[in-house]
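**Student:** The following comprises the amino acid sequence and a computationally predicted model.
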Amino acid sequence: MNQTSKKTSTVVLVIDDEPQIRRLLRVTLEANGYKVFAAETGNDGIVQAAQCHPNVILLDLGLPDLEGVEVLKRLREWSLVPVIILSVRDHENDKIAALDAGADDFVTKPFSSGELLARLRTTLRRSQPQSAETVFRAGKIEVDLSARIVRKNGQEVKLTPTEYSLLRLFVTHAGKVLTHRQLLVEVWGPTAVDQTHSLRVHIAHLRDKLEDDAAQPKFIITEPAVGYRAVRLDELF
Amino acid sequence: MIENDRPNPDALLAAIQSDDARKKRGRLKVFLGMCPGVGKTFAMLEAAQRELKNGRDLVIGYVETHGRKETDALTVGLPLVPRKHSEHSGLQLTEMDLDAVLVRRPQLALVDELAHTNVPGSRHPKRWQDVNELLDAGIDVFTTLNVQHLESRADTVRQIIGTEIRETVPDSLLDAAELELVDLPPMELIVRLRQGKVYLPERAVSAAQNFFRESNLTALRELSLRLVADHVSVDTQEFHRTQTGAGAWKTGHRLMVAVSASPLSESLIRWTRRMADSLHCPWLAVHVENSHPLDEAAQSRLGKNLALARTLGAEVIDTVDENLARGLLRIAQQNNVSQIVVGKPAVANFFEWFRAGKLLRQLTRDSGDVDLQVVRAEKTGASSPRRSRWRMNFEFGWKQYAVAAGVLAAVGLLNALLIQFTGPRVPGFVFLLAVVLLALFLGRGPVLFAGAASALVWDYFFLPPRFTFIINNTEDGILFGLYFVVAIVLGQLVARIRAQELAERQREERSTALYHLTREFAQAGTRDEVVWQLVAEVSRVFQTNAAVVLPGKNLLAVHPDSSFLLTEKELHVAEWAFLNRQAAGKFTDNLPGAESLHLPLMTESAAVGILSVNLAGKTLSLARRDLLEAYARQSALVLDRVALRAAGEQGKLVAESERLSNALLNSISHELRTPLAAIISATSALAEIKKSDGDNLENKMVAEIQEASARLNRLFGNLLDVTRLESGHVRPKLDWCDVGDLVQTTVRLLEHELSGREIKIEIEEKIPLAKLDFTLMQQALSNLLLNVAVHTPAGTPISLQVRHETGWLVLNVADSGPGLSPELLPRIFDKFFRAPNAPAGGSGLGLAIVKGFVEAHGGQITAANRPGGGAIFTIRIPQRELPPEEKLA
């Protein structure tokens, strides 16, 4: 709490049709030093997003007027503001569609305030302007993007081109959920969206090479049914 | 849930297998002999005994041993399907019980005497048709046949032995058969005959004396030897073709025979078949239709001729052309025909000679590369169509002759008045006018009669010298001659025009009828409407009653809109037609004893129903039958379309109800969960704030609220899952999954609930990816683990084992708890079932959901007690395929 209180200027826009959730989020977030705006409908949310220049948007997928995905698409037409999806368990498909459409992360209702705040922090940090740094470190793993060298415990790790492309995506989007579709399109190309078996196999190989225990991965985490997420350096400790 | 549109692999597999089964026709083996008495039945039984020793499931469908001891001895040990007895004209007759053999479904059936004619009232008129049905059902058949009964050889045999062969078997049946020649030198046969070792029916003894002459037997023997040799050579060619992949019929021969309504055509067709046989080439039978309408007798003969060609294996083509030669040559060119076979006309008069000569001349002139075979055709039985048409016209036209005579008499009286004022020529022109007018209304015969009679009357009564037939004036003579010619030509012309008109009208009637039906069908939206229209149209056009029989739940039922009710017997005929996809009943070869004609309504792949037309006491011309078949085809297509549309609408309805119930579920889930989400979120924030305060009452309360709300959340989740399972809306979205990852992730997400336990995870090395719905399986597994955690003492280990067996993914979850009591074992997967001693906190839904999700994958879950204590749950998910090979790059 204390760390975040410095960032009094951080603006969060909550778009949710449930007054109780809005109230609760407002209380929780304001207690943690965020400035909160709230919108009840998708259309109102888009208008407010233009007016209050939020640093991050919490978007509920079950809005009365617009589909959550639609709100996201309209936002993405003019803004790169990070968006965290609030979804319920039974709506996996909506969640995946929203992530594919450019949402940054998701929290499944009911969520604990701690979980929400952690996601919020990660997302905000990711959206900070990136330094021109080309060397990424996460725990024992070091990726030098300019030299295309991967090291674990200082030892160079040999990766196939596909594995390297995957890893590069993970480190440049560390902390963010990458959907199966996004990974397949980026690494294999847009015609390969149904080749999930290739993705599974390469992820397994990558874990074998990078994780201490591939069975209990600490670096590339499976997000059930959605995709994978690479853990950020600061989350590892 | 996204709909899973992929076709069910089980259904696909079943469809392919049933297709295979359908294609798999039984094999026919024919024991061929030159005549009775050579020992065909004996040879067949010997072969059957060998098959029996080889373990084949065979039965005797029908074998006639004529009480001969050696033959009888060979039937010992062969299972027998009892014959069917029937009484016909006071005689006790027995036949093969076709249905019993079909029901018995042996691998092989023995059916003696392929050419036998069945008792009237049997399903098929001929036994070879019974055999055909057995073959269609996939049953192999051994049978016997004398060479004289082969359709294409019947002619030759008749020439050799001088008697008509009535029982014939189509050659096409033998094309795919294996032939075994049962041979005996003629002299030996004659000796056997003298010794009485050959069975002969009593009344045939004297005829047989004539038949079993050495010269006859040698000719027949040569015929059968040659037949078998030809057959073997075809087999060899066939073999070469399949082995080398070379195209069919390298010789490039292709015969074409012109078929007409003439009885001569029959022997032409047989001749061409023999020729095609010896050249091993395909052949066509072509009928060129022109505007001359055929009378009923000619039409039925034409139908028979074409049917004969079809049974002999010809491709039959029906085309329309006013010019016979042009039509024939056009078809020849389109089909790469190398030789055209036409009959050498049996010339009866100058006109026939002229007409036939014209055809031959034109064919010779225009045939180009195509060879022409002019074959002497022989008349068999029936009279020529031309004569019969004459007779028909006279029979039907006697009233017209009276009219013509009456009119001529009246005009004669008028002329008697006229001649007072004019010369003798004016009456001639008045007569001519009368003949022209008559020609507009009467047929050819009466007009010719009027022309001739009026000429004579004119000559006798009016041309000088009057009241004699003498003409003494050259001018009058020429006029009289011209008059005669003009009258006759007029008569001919008119007759031709009227014939064309009639043909036009028939064709127009046909197309109008079809158009009418099509238009009505276009408006018909439901099956009932289609049936109603079809019945109405058939009843209107054919002036009879019609019924439509459609498959119901498990049997055929007459549609209530039908205009007559089928008797039990007719319904059986309709059922046969439906199952065998062939026309049956009156005017067909299948169960012709019926009173109605039953046409299957065939779509491309299946029969969708039967059109039954009551034809008791009626005749059916070829054109009418054609129309009826066109009706059947049309209505089958429309019924198919209607059914598809209905299925589509049903699908839409299901999707709509699914959408509604999903919306309902979503709304309930939203309403229940929103306040819960608020509670959980708020208490977690509260817990966060109070964390530092230590172990006081408030903290304990907050922890209680958290615990209770988490439990409520799980319960809601379970209730919703059960509801979704109940409504059948759970459809797994199968995708390749890393099973190890699945298990690890599930365990990781249950970290809190499984804390303090040792979780042993064993995953088979290099386990292939599995096709699963990740989310569903994760929920199933986590429900199962939670259930285990609730029912076993805290801190006891749980072990998880995953392995791949051929075609299955197997997941074991084993605990070291108290185990399951055996009497409860069968019920633990029931909904809301809770073990009596279960700790509080469960809803009894967890395992039901696990089972539901596993079964949604087509899998199974079982529970058992471990020998060493504790329970073990085994989940098996079918894996129909292995993941595609991955090339690592």
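**Tutor:** Looks like it arrived, so ask away.
**Student:** Return the distance of the residue nearest to B:Q148 when sequence neighbours are not counted relative to B:V182.
**Tutor:** Residue nearest to B:Q148 in three dimensions, not counting chain neighbours: B:V157, with 4.0 Å by C-beta to C-beta, 6 or more residues apart in numbering or on different chains. Yep, even glycine has a C-beta here, placed from its N, CA and C like the rest. B:V157 sits 17 Å away from B:V182, going by C-beta to C-beta, to the nearest Å.
**Student:** OK, contacts around B:V558?
**Tutor:** B:A547, B:V548, B:V549, B:L565, B:L566, B:L571 (C-beta atoms under 8 Å, 6 or more residues apart in numbering or on different chains).
**Student:** what sits opposite the second one in the beta ladder?
**Tutor:** Going back to what we said before, that points to B:V548. Per DSSP bridges, the residues bridged to B:V548 are B:L611.
**Student:** show me what contacts it?
**Tutor:** Neighbours of B:V548 in contact, by C-beta under 8 Å, 6+ apart: B:531, B:534-535, B:558-559, B:561-562, B:601, B:609-612, B:635.
**Student:** Out of those residues, list just those in helices.
**Tutor:** B:V531, B:L534, B:V535, B:S635 (DSSP state H).
**Student:** so the residue nearest to B:Q148 makes contact with B:S224?
**Tutor:** No - counting by C-beta atoms under 8 Å, B:V157 does not reach B:S224; the two are 10.3 Å apart.
**Student:** any common contacting residues for these two?
**Tutor:** B:V147.
**Student:** and the one helix or strand B:I668 maps to, what's its mean pLDDT?
**Tutor:** For B:I668, the element it lies in under DSSP states H and E is helix B:622-690. In this model, helix B:622-690 has an average pLDDT of 81.
**Student:** now do stretch A:171-191
**Tutor:** 87.
**Student:** Give the buried residues for it.
**Tutor:** By 16 or more other C-beta atoms under 10 Å in any protein chain shown, the buried positions in stretch A:171-191 come out as A:171, A:173-184, A:187-188.
**Student:** on that earlier part again, give me the contact status of the helix holding B:I668 with chain A.
**Tutor:** Yes - with C-beta under 8 Å from any C-beta of the partner chain as the criterion, chain A is reached by helix B:622-690 at B:665-666, B:669-670, B:673-682, B:684-685, B:688.
**Student:** Show the residue spans covered by the helices in chain A.
**Tutor:** Under DSSP H, chain A gives helices at A:19-31, A:42-52, A:68-76, A:92-100, A:113-127, A:161-172, A:180-188, A:196-210, A:233-236.
**Student:** Using CSV, lay out these together with distance to chain B.
**Tutor:** Listed next are the helices of chain A as CSV, based on distance: least, C-beta to the nearest C-beta, whole Å:
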stretch, distance to chain B
helix A:19-31, 5
helix A:42-52, 16
helix A:68-76, 13
helix A:92-100, 6
helix A:113-127, 4
helix A:161-172, 5
helix A:180-188, 8
helix A:196-210, 4
helix A:233-236, 15
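**Student:** from the buried residues of stretch A:171-191, which two are the most distant?
**Tutor:** Maximum pairwise distance among those (C-beta to C-beta): 23.2 Å, between A:G175 and A:W188.
**Student:** re the thing from before, okay, the helices of chain A in JSON lines with distance to A:I84 next?
**Tutor:** Formatted as JSON lines, these follow (distance: least, C-beta to C-beta, whole Å):
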{"stretch": "helix A:19-31", "distance to A:I84": "11"}
{"stretch": "helix A:42-52", "distance to A:I84": "13"}
{"stretch": "helix A:68-76", "distance to A:I84": "11"}
{"stretch": "helix A:92-100", "distance to A:I84": "10"}
{"stretch": "helix A:113-127", "distance to A:I84": "6"}
{"stretch": "helix A:161-172", "distance to A:I84": "20"}
{"stretch": "helix A:180-188", "distance to A:I84": "17"}
{"stretch": "helix A:196-210", "distance to A:I84": "24"}
{"stretch": "helix A:233-236", "distance to A:I84": "16"}
